[in-house]
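Undergrad: Quick check, what structure comes out for this input:
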Amino acid sequence: MFNKTNSSSSSATAAPELPTKKSSSPARSSSVPSILGSDLVITGDIKTDGDIQIDGRLDGNVKAGNVTIGEKGAVNGKITAGSVHVRGKVTGKVDANVVDLSETANVQADLVQDQLMIANGAFFDGKCTRKSNTPTSIKSAKKSA
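TA: The predicted model follows:
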């Protein structure tokens with residue numbers, strides 16, 4: 001009887017702790033990006049469903065939900081993401097729904113995107129291709145004008 005009471009009380013205390021830990025981990029990973037520090041150099045590919053911020057150097061490809069390249073960050077490879085915000089250097093290819101090049105960006109890459117924003121002062125050398133074709137919108141605008 002002592003073991004029965006003890007095991008039920010220990011399982012009662014253990015049960016609430018496990019869901020709390022499990023529920024806090026996904027919430028934390030979805031709201032906090034993984035950060036590659038400025039002193040970090042990675043050779044290889046990175047793949048995550050979450051967000052990533054690169055302040056160091058990556059020689060390889062990255063696939064993530066959202067990617068931010070810091071002012072001192074550099075990527076030599078292909079970036080595939082939902083959105084990419086570049087403040088540093090990118091060489092290779094970028095494939096994202098939204099691409100944002102800030103004034104400190106140095107991009108020598110081909111871009112495949114639906115929405116592109118280039119700030120005054122950004123350096124961009126490459127080819128831009130739209131993911132979705134919208135000739136209907138252009139023709140509609142000409143007809144109504």
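Undergrad: Report the separation between the residue lying closest to residue 88 once chain neighbours are set aside and residue 127.
TA: Spatial nearest neighbour of residue 88, chain neighbours left out: residue 73 (3.8 Å); criterion: C-beta to C-beta, 6 or more residues apart in numbering. From N, CA and C alone the C-beta is placed, and that goes for glycine too. In this view, residue 73 and residue 127 are 23 Å apart by C-beta to C-beta, to the nearest Å.
Undergrad: Okay, and the beta partners of residue 81?
TA: Bridge pairing for residue 81 (DSSP bridges) gives the partners residue 64, residue 96.
Undergrad: Help me confirm that it comes into contact with residue 62.
TA: Yes. If you go by C-beta atoms under 8 Å, residue 81 and residue 62 touch, sitting 7.4 Å apart.
Undergrad: the domain parsing of the protein - what is it?
TA: Listed domain ranges for the chain are 1-32, 34-130 (source: automatic domain parsing).
Undergrad: Now render these as TSV, adding mean pLDDT.
TA: Below are the domains of the chain laid out as TSV (pLDDT from 0 to 100):
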stretch	mean pLDDT
domain 1-32	46
domain 34-130	96
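Undergrad: Deepest in the core, which of the ones you listed is it.
TA: domain 34-130 (a mean of 17; mean count of other C-beta atoms under 10 Å).
Undergrad: can you give me the strands in this protein?
TA: 34-36, 41-43, 46-47, 51-54, 57-59, 62-69, 74-86, 89-101, 106-113, 115-118, 123-124, 128-130 (DSSP state E).
Undergrad: In its sheet, which strands sit next to the second one, and in what direction?
TA: It stands for strand 41-43. strand 57-59 (parallel).
Undergrad: Which residues outside the strand it pairs with are in contact with it?
TA: Contacts with strand 57-59, where a contact means C-beta atoms under 8 Å, 6 or more residues apart in numbering, come from 36, 40-44, 46, 73-77.
Undergrad: Distance from the chain centre to that strand, please.
TA: Centroid displacement of strand 57-59 relative to its chain, using C-alpha atoms, centre = their mean, to the nearest Å, is 15 Å.
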